[in-house]
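**Q** Below is the structure, and that's it, no one-letter string:
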């Protein structure tokens, strides 16, 4: 049975009002049009739904059951169209962002709070991980966009500059270098160096900085997470270097931070999107909120600046 939504809505209006005249006024259609829709539905179902005379409209037993089903269908259709309208307006849905842990923990929380204050029905799904995994989630379609380091970007992606964070030296309290206001990379190369794992963008950038001054810092130890490196530094096992945005992830142990010079090294973080892809409206609105934070110059942690 292929009853149309129009037929079901027409029948439900007449059955509720028990009057073709009142139902036609409610639906802003002609009475003849309404009568044809109900008659077509009865013919399709092969059963009489309404008993009519010159003054009254009464529901048959089949008409009572048909009204229950018709109202369910019409109500569900209206709810579904309302939900679709909210989604198309960017007022509902899910924003899927792939990003580095430091961005997820430090940069995004306030942006998400601002965004959800205006659109509380929108869910934010954060897919945090290392650089290669983050870019892969965008390329596979698992994420709408990424916030990550640039590196060697695949040609399928376009980039929008977002922030820069400066590399700093991480030292245990009381270390001989801790009395300095700035520390040179060459000074770190001559101490036991605690490195982040090779899959991390931090490791790629620290290795490049040492190569730039023709120095080789053989890691005294390396760990997969910056939190672990922070613990190793706090225990006095060596020194390290990380971007400023990473510092809140290193724990609260007895460690100090100093700006690195000779050379000054910045990590650039971009918004990365699939080229020529149409984003959902809700994602475009989230990106607009993120860019508004950048344009307004919202305060960032020390050593971090808008690009």
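**A** That came through fine. Everything quoted here is computed from the prediction, not taken from an experiment.
**Q** How about residues contacting whichever strand or helix holds residue 211?
**A** Residue 211 belongs to helix 201-212 when assigned by DSSP states H and E. The contact list for helix 201-212, computed with Cβ atoms under 8 Å, 6 or more residues apart in numbering, reads 100, 130-131, 148-149, 151, 167, 185, 189, 195-197, 216-217, 222, 226, 241-243, 246, 260, 263, 265, 267. Where you see a C-beta, it was placed from the backbone N, CA and C, and this is true even at glycine.
**Q** what's downstream of that helix, the next helix or strand?
**A** Where DSSP H and E defines the elements, the next helix or strand beyond helix 201-212 is strand 219-223.
**Q** Can you give the strand pairings for that following strand, parallel or anti for each?
**A** Next to strand 219-223 in the sheet, as set by DSSP bridges, lie strand 193-196 (parallel).
**Q** Rounded mean pLDDT for the helix holding residue 211, please.
**A** Over the span of helix 201-212, the pLDDT mean works out to 92.
**Q** List only buried entries from the contacts of helix 201-212.
**A** Buried subset of the contacts of helix 201-212 (neighbour count, 16 or more other Cβ atoms under 10 Å): 100, 130-131, 148-149, 167, 185, 189, 195-197, 217, 222, 226, 241-243, 246, 260, 265, 267.
**Q** Quick one: neighbours of residue 168, just the number.
**A** Taking other Cβ atoms under 10 Å as the neighbour definition, residue 168 ends up with a count of 23.
**Q** hang on, it in a helix?
**A** No: Residue 168: not assigned to a helix; according to DSSP: H, G, I helix; E, B strand; the rest coil it is strand.
**Q** quick one: low-confidence ranges for the stretch 51-200 of the chain?
**A** For the stretch 51-200 of the chain, the stretches flagged by pLDDT under 70 are 54, 153.
**Q** at 90 instead, please
**A** 52-57, 82-92, 130-132, 135, 149-159, 197-200 (pLDDT under 90).
**Q** All the helices of it, in order from the start?
**A** Under the criterion DSSP state H, counting those that start in this stretch, helices of the stretch 51-200 of the chain are mapped to 61-88, 101-102, 108-118, 131-140, 185-189.
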